[in-house]
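A.B. asks: Can you look at this prediction? I've put the sequence above it.
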Amino acid sequence: MIYLITDNTASAVPIARIPVVDYMDLYNDLCERMKHERYHVAHYFAAQVAGGGLRFYLLLLDDGESKVMISSFVPDYYSEEGLPSLTAVHPAFHPFEREIHELYGIRFNAHPWCKPLRFPFDRYDRNSTMHNYPFYEMSGSSLHEVNVGPIHAGIIEPGAFRFICNGEQVLHLEIALGYQHRGVESEMTRSTNRLRQSVLAEAVAGDSAVAHATAYAELVEKLSSRSRSTHLERERAVALELERMAMHIADTGALSMDIGFQLYQVACEALRTMTINTTQAWCGNRFGKGLIRPFGTNFPLTAETVEMIRRNVGEIRRRYNEVRCEMKESPSLLARFEQCGVVPREEMRRIGGVGQAARASGLCRDIRASHPSGVYAEDICHEPIVKRHGDVMARLMMRCREMLQSADYIEKILSAYTPLDDMPRPDYHSPLAAESLSFALVEGWRGEICHVALTDAGGRIVKYKIKDPSLHNWFALALAVRGEGISDFPICNKSFNLSYCGHDL
Amino acid sequence: MIFGKLRILHSHGRQAIPDLSRVELAERFRGRPELTLTDDMSQVEQAAAICPMGAISVSPFTLDLGRCLFCGECARCAQHNIRFTNDYRMGATRREDLVVRPGQTAVPFFEGAVRADIRRMFSRSLQLREVSAGGDASIEMELGATGNVNFDFGRFGVRFTASPRHADGLVLTGPVTSNMAEALEICYDSIPTPKLLVVCGSEACSGGLFAESRAVDRSFFERHTVDLWLPGAPTHPMTFIEAVTRLRGKASSER
Ligand code: SF4
């Protein structure tokens, strides 16, 4: 048995039950399995074990049967050999192997792209710095390079982009990140204060505060024997869908802005304000910070809040739909967006793309459908929206449809919702299972978020790993701009709107 | 098609807030806290213990807005001692003014710390360059929102610009990661003098959750003087707008 089989609703698993296999067995199995679309990697990382050495953990998702398959292996740390690289066979492994290499110096033989991932402060090779990032080079008298960043022209986060162009046409884009590295994962284990950990989870990527905080809360709850009330699950789902609405509207506006469609831009700005102000009226913060906490909530819905949210969401949905109907019939908009920045389905699958970007390319990756928990496993039977073309237009239409869908889900949940007078309050002190591995999978607005934690004998979290969907999808952006005019880069970039801080941690 | 666009315009209505100085935020918005001394301070001790930021001190009883992430947990622990109001007017010209004491009903805005140059040069037009050095994107979005259809800060001449060479000042967000420290320094140097430095968000003010992280390098603050400290996680657009307006000498009333 190579894997321990569990799912997204089960409680944490004792580390002792996770099989320790021979790397070659796992390698061979993965080489075969990953050929099938139903499998993809949720996380793959190494953790130091007491007494020295490393143990590698792998979480593989089986979308076909909603199973999570966990395996581990312990390589000989002092061996000079190196491990055969999985990336060489399945590129989807590239960020994980790069991270492991960067942190611990493990060599992956024949890894085609073993470059630094984010220059963490605790990297193995201190000589590897931002200054000597090994950018891919091409030479030729008709080629030139364009370097953008780390500081960009707008109010956004930093990251370095280097284009190799032939005239206007982009031949290659390489994205070097790490400027946002704050050490989130090590801060998660600095203290056992779970309020601090919740707040940290909200700061992983501020635009996905609800999604990351939900992942943290679920992970902690799985480590405890206490069960979660369905009321709490519903309220969390409402918050998560509100976040999705707000960000999809923001991106619709941003894309309109980039092609000079001011009417749609300002309409979306106003609608986004209305959405986040709804969240603010509920919990006091426009991004939902403070709303999601383990085991309970400080802002239980009341009849008035429910009424307010339903009214606003209905209005936003109506007005957004007006914008959507106009957009998809604007010839100049279609001329810019259609067949621009195409990522074909097969490429998306090979690089392990997730979330709405993957769905826009026809690859159905959606945790709410494939690994549902809470509301999505009971009240809502989520049907993911999938597009085929994989271009900027598909990613825009994806957002439009999902925004309407989220509004409908909120209405569905709230119309049948009777607020509870004695909602449980957050609990930061419940004992957690010892020597266990706990994970949480949440479909944020960008895609699949995966948090994994390991606890020690005293039930303290000693290892915390975070994966934002951006980790997979940055590579998709690099592929999307190949062959496009460099002036189309901004709209390609906006159509993905990936997180720098979620990637750099 | 034109009808569709007219319909959008009609639904959109008028969005700009006519008078920014009169904005009141939602009742639940967590802004400036008010502290009260009581005989029994044991609840404050509990609040100080749970505060993830170490923002609360018991004796003397203070709360440091430059560290606070406005999670609101302390106010639930010590209901008689700490209460969050929805007052967003929290920007200060000196770091120490962000430390709130019992009985205080406003964050002081110390005019003495405003350089004469600022009033002389920037009261009509102010172009700012934003640099995120570990900001979590929520704060960057809030700064972006200051120029949107609702707040429209641009109508008062305050805008964000792309090139630091066109800028009159720098707005810094995030705890300043080591990996961004050099780029930040270069950007700051590229701005012609006299220049403003605005520090936006509790993480930028103190390092926030990452104050002790080894991935953070705050030596920038040893070399440069800050003109405006803005707390918040993220800083609300109104906090930014109110404080920058005051800094330019444009505020119509006292706090
Ligand atoms: S609201 Fe501020 S002071 Fe209070 S516990 Fe949270 S971070 Fe600490």
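C.D. replies: Thanks, I have the structure now.
A.B. asks: and stretch B:110-130, C-alpha only, in PDB?
C.D. replies: Presented in PDB, the C-alpha positions along stretch B:110-130 are these (Å, rounded to 0.1, in the frame of the first residue of the first chain):
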ATOM      1  CA  PHE B 110       0.500  67.000  15.700                       C
ATOM      2  CA  GLU B 111       0.800  69.900  13.200                       C
ATOM      3  CA  GLY B 112       4.300  70.800  14.500                       C
ATOM      4  CA  ALA B 113       5.700  67.700  12.800                       C
ATOM      5  CA  VAL B 114       4.400  68.800   9.300                       C
ATOM      6  CA  ARG B 115       7.300  70.200   7.300                       C
ATOM      7  CA  ALA B 116       6.700  73.700   5.800                       C
ATOM      8  CA  ASP B 117       7.700  72.300   2.400                       C
ATOM      9  CA  ILE B 118       4.700  69.900   2.400                       C
ATOM     10  CA  ARG B 119       2.200  72.700   2.700                       C
ATOM     11  CA  ARG B 120       4.000  74.900   0.300                       C
ATOM     12  CA  MET B 121       4.600  72.300  -2.500                       C
ATOM     13  CA  PHE B 122       1.900  69.700  -2.200                       C
ATOM     14  CA  SER B 123      -1.400  71.400  -1.300                       C
ATOM     15  CA  ARG B 124      -2.600  71.700  -4.800                       C
ATOM     16  CA  SER B 125      -1.300  68.600  -6.500                       C
ATOM     17  CA  LEU B 126       0.200  65.500  -4.900                       C
ATOM     18  CA  GLN B 127       1.400  62.600  -7.000                       C
ATOM     19  CA  LEU B 128       2.300  59.500  -5.000                       C
ATOM     20  CA  ARG B 129       4.300  56.400  -5.800                       C
ATOM     21  CA  GLU B 130       3.100  53.300  -4.000                       C
END
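A.B. asks: Tell me the spatial nearest neighbour of A:Asp207, not counting adjacent residues.
C.D. replies: Counting by C-beta to C-beta, 6 or more residues apart in numbering or on different chains, A:Asp207 lies nearest to B:Ala137, which is 4.7 Å off, once chain neighbours are set aside. For every residue, glycine as well, the C-beta is placed using N, CA and C.
A.B. asks: Kindly apply the preceding question to A:Thr129 instead.
C.D. replies: Once its chain neighbours are removed from consideration, A:Thr129 has its nearest residue in A:Phe119; the separation is 6.7 Å (C-beta to C-beta, 6+ apart).
A.B. asks: Would you state the strands of chain A in chain order?
C.D. replies: Remark: strands of chain A, listed N- to C-terminal, are A:4-6, A:13-14, A:20-21, A:39-48, A:54-62, A:67-73, A:83-84, A:108-109, A:143-148, A:160-166, A:169-176, A:436-443, A:448-455, A:461-467; assignment by DSSP state E.
A.B. asks: Point me to the residue of the stretch 101-250 of chain A nearest chain B.
C.D. replies: Shortest the stretch 101-250 of chain A-to-chain B distance, computed as C-beta to the nearest C-beta: residue-wise this is A:Gly206, at 2.7 Å.
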